[in-house]
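# Predicted coordinates and the sequence they were generated for:
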Amino acid sequence: MTDTSIENRPASATDSARLAGTNRFFSATDIHAYYGESYIVQGVSLEVDRGEVLALLGRNGAGKTSTLRAIARVGTPEVRQGEIWLDGQALHEMKSHEAAIAGVGLVPEDRRIIQGLTVQENLELAQIAEPIGWPIELLYERFPRLAERRKQEATTMSGGEQQMLAVARALARNVKLLLLDEPYEGLAPVIVQEIERIVREIKEAGITTIIVEQNAVAALKLADRAVILDSGEVVFDGTAETVLNDEELRHQYLAI
Ligand SMILES: Nc1ncnc2c1ncn2[C@@H]1O[C@H](COP(=O)(O)OP(=O)(O)O)[C@@H](O)[C@H]1O
Ligand SMILES: [Mg+2]
């Protein structure tokens, strides 16, 4: 098996960039990203410490999803400038599958549950290649609803259950940075509570997480720090508590 991990590659120019850069567990520095000629992510910088939960907030269209996609190296938007580092690995030089192997776990808004497969098969598929994360039995312990439905075709489950599966599937891989894009979107309050419990457990397990939410208060309750985007730029970077206590800031950028 080919070893694709950055740690085992010979020293290169990127190592000096790394030494010159930040020593944070995760950093995205001055990211500029485009959909075709549409300039969307306009110089975003973020840092996250190991084990920290960052809430990435902002109004609809602010560039949150685009920023997560840039980090996960999904084909679009195209990152034309900036560096992205995760635990000493240069994500900005990687394709999406390489970033996944490097430990980026993106749970997209649309969840991308595989049609025609059961819950169990979706989880097994996530573990067909190294690096493997939480064992499937542990995932079932943490997500009892999924255990009950392990033989059910996954796309026939409720939206909340599919969201749980999408998160479980990310944890089935050895994820170093979990990216959650609006995990509470469109879900009933009782399901939101269950997803919140899971995110809290993920935090307690020490998994570094960036959570994007329209429901800013829910995200801020869990987050250590918050970054607010507006028109593709960072307009606030500070503690979650500051945002919760600053009505003007929330009113201006979050519409809450
Ligand atoms: N595939 C795309 N092609 C062109 N523009 C896009 C595409 N996806 C998103 N955008 C634009 O990028 C901006 C940011 O979108 P997005 O990152 O989805 O914002 P958010 O997640 O904060 O709601 C919006 O103006 C949106 O219209
Ligand atoms: Mg979005």
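Looks like it arrived, so ask away. Ligands and ions are numbered 1, 2, ... in the order given.

# mind checking how far the nearest residue to Arg142 once chain neighbours are set aside is from Leu139?
Counting by CB to CB, 6 or more residues apart in numbering, Arg142 lies nearest to Glu201, which is 6.2 Å off, once chain neighbours are set aside. C-beta here means a position set from N, CA and C on the backbone, and glycine is covered the same way. According to CB to CB, to the nearest Å, Glu201 and Leu139 sit 11 Å apart.

# Comparing those two, which shows the higher neighbour count?
Neighbour comparison, Glu201 and Leu139: the larger count goes to Leu139, with 22 against 13 (by other CB atoms under 10 Å).

# What distance do you get for the more buried one to ligand 2?
Counting by CB to the ion, to the nearest Å, the separation of Leu139 from ligand 2 is 26 Å.

# just Asn245 next, same as before
Asn245 sits 25 Å away from ligand 2, taking CB to the ion as the criterion.

# what do you get for Lys176?
From Lys176 over to ligand 2 (counting by CB to the ion), the distance is 22 Å.

# Stretch 180-198 and ligand 1 in contact?
No. On the criterion CB under 6 Å from any ligand atom, stretch 180-198 is out of touch with ligand 1, staying 7.4 Å away.

# Now that stretch: average pLDDT?
Here stretch 180-198 scores 90 as its mean pLDDT.

# One more: stretch 205-219?
Here the average pLDDT along stretch 205-219 is 91.

# Over to stretch 40-53?
Per-residue scores along stretch 40-53 average to 97.

# same check, this time on stretch 245-254
92.

# likewise stretch 134-148?
96.

# Can you measure across it, start residue to end residue?
Using CA to CA, to the nearest Å, the end-to-end distance of stretch 134-148 comes to 18 Å.

# What are the buried residues along it?
Judged by neighbour count using 16 or more other CB atoms under 10 Å, the buried positions of stretch 134-148 are 134, 136, 139-140, 142-143, 145-146.

# any idea which of those residues is closest to Arg169?
Leu139 (8.7 Å; CB to CB).

# Let me see the contact set for the closest one.
By CB atoms under 8 Å, 6 or more residues apart in numbering, the contact set of Leu139 is 123, 146, 168, 171-172.

# Next: Val234.
43-46, 227-228.

# What's opposite it in the beta bridge?
Beta-bridge partners of Val234, counted by DSSP bridges, are Leu229.

# Quick check, central residue of this protein?
Leu179 (0.4 Å; CA atoms, centre = their mean).

# Now that residue: which helix or strand?
In the assignment (DSSP states H and E), Leu179 maps to strand 177-181.

# Next secondary structure element downstream of that strand?
helix 189-204.

# need the next SSE after that next one, C-terminal direction.
Following helix 189-204 in sequence, per DSSP H and E, is strand 208-212.

# what's that next one packed up against?
Packing partners of strand 208-212 (3 or more CB pairs under 8 Å, 6 or more residues apart in numbering; DSSP states H and E): strand 38-48, strand 53-57, helix 64-72, strand 177-181, helix 189-204, helix 216-222.

# Give me the angle between it and helix 64-72.
Strand 208-212 runs at 150 degrees relative to helix 64-72, counting by axes from the mean of the first three to the mean of the last three CA atoms, to 10 degrees.

# can strand 208-212 be found next to ligand 2?
No. Applying CB under 5 Å from the ion, one finds strand 208-212 separated from ligand 2 by no less than 6.3 Å.

# So the nearest residue to Thr155 once chain neighbours are set aside versus Thr156, what's the distance?
Nearest non-adjacent residue to Thr155, counting by CB to CB, 6+ apart: Gln115, 4.9 Å away. To Thr156, Gln115 is 10 Å away according to CB to CB.
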